[in-house]
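> structure for the following, please:
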Amino acid sequence: MNLSNEDHAWIEYNIGRALAYKGEWEEARKYYDRAYDRMVKPEPPRTKDSFLVLHNISVILYQQRKYDNALEYYLTVLKIKKGFYRSGHIDIAKSLHNIGNVLQEQGDYSKALAPGHQIRYRIL
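Numbers count the residues shown, from 1 in each chain. Below is the predicted model of the structure:
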């Protein structure tokens, strides 16, 4: 079987997902990192695909209570999505929601409300 680099990236991504569902976060992270590398190193990079991997890394970091790191990844995901979607798109809203959740966990309640307000104003 002749698999492309794109196939390998998705295979590693899905193995990472399976491991994450089992709670094997460190192992999942290894597969996500490899999938991400396969997506962004070739020319042209598959930036739009890569935000799925970065999102799942964010989820792992959030579950591990590594909120600063999770926030950094969620912000990166948001930046990528803004390059592909208009401001009122559901994927932008999901990212803002995730950022708000991290800020809430960090106890920064005033900042945690800001993404929700952005969602409301962009959609209405």
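> how deep is residue 26 tucked in, by neighbour count?
Around residue 26 there are 9 other residues, counting by other CB atoms under 10 Å. All C-beta spots, glycine's among them, are computed from the backbone N, C-alpha and C.
> element containing it, please.
Assessed by DSSP states H and E, residue 26 sits inside helix 25-40.
> how about residue 93?
Secondary structure assignment for residue 93, by DSSP H and E: helix 90-105.
> where's the residue at minimal distance from the centre of the chain, which helix or strand?
Per CA atoms, centre = their mean, the C-alpha nearest to the average position across the chain is that of residue 55, at 1.3 Å. Under the criterion of DSSP H and E, residue 55 resides in helix 47-63.
> would you map out the domains in this protein?
Here the domain assignment for the chain is 1-64, 67-124, based on automatic domain parsing.
> may I see the ones you listed arranged in a markdown table, with mean pLDDT as well?
Converted to a markdown table, those look like this (pLDDT from 0 to 100):
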| stretch | mean pLDDT |
| --- | --- |
| domain 1-64 | 92 |
| domain 67-124 | 85 |
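> does residue 61 touch residue 70 like I think?
Yes. Assessed by CB atoms under 8 Å, residue 61 is found in contact with residue 70 at 3.8 Å.
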